[in-house]
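*Asks:* Below is the sequence, then the predicted model.
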Amino acid sequence: MTCHQPKPRGVLMGTLMPATPPQTLYVSVRRDELRKLKDERDQLRQQVAQLNLLLAQARTDGKTVSL
């Protein structure tokens, strides 16, 4: 994957640096990399859905949930 990123904003010697205007980020991704990223995204979405369900169940049961 090839990436061209904008310069980061930061703090220098206690002085806030001015924000740079939004920039377009161009990325080249191979098909196999894209497929892998999509699969990972789908898996993460499924995990989030399961965790949201567990959290909702715990809330209705009156239990304290800590992560």
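*Replies:* Thanks, I have the structure now.
*Asks:* what phi and what psi does the backbone show at residue 23?
*Replies:* Backbone torsions for residue 23, taken as degrees, to the nearest 10, come to phi -130, psi 150.
*Asks:* confidence score at it?
*Replies:* On pLDDT, residue 23 comes in at 91.
*Asks:* Equivalent analysis for residue 16, please.
*Replies:* Value for residue 16, per-residue pLDDT: 74.
*Asks:* Quick check on it: phi, psi?
*Replies:* phi -70, psi 130.
*Asks:* who's in contact with it?
*Replies:* Shown in contact with residue 16 (CB atoms under 8 Å, 6 or more residues apart in numbering): no residues. C-betas here are computed from N, CA, C, even on glycine.
*Asks:* Backbone dihedrals for residue 59, both of them.
*Replies:* Backbone torsions of residue 59, given as degrees, to the nearest 10, read phi -70, psi -40.
*Asks:* Run a quick neighbour tally on it.
*Replies:* Look at residue 59: counted by other CB atoms under 10 Å, it has 11 neighbours.
*Asks:* quick one: it and residue 52, what's the gap?
*Replies:* 11 Å (CB to CB, to the nearest Å).
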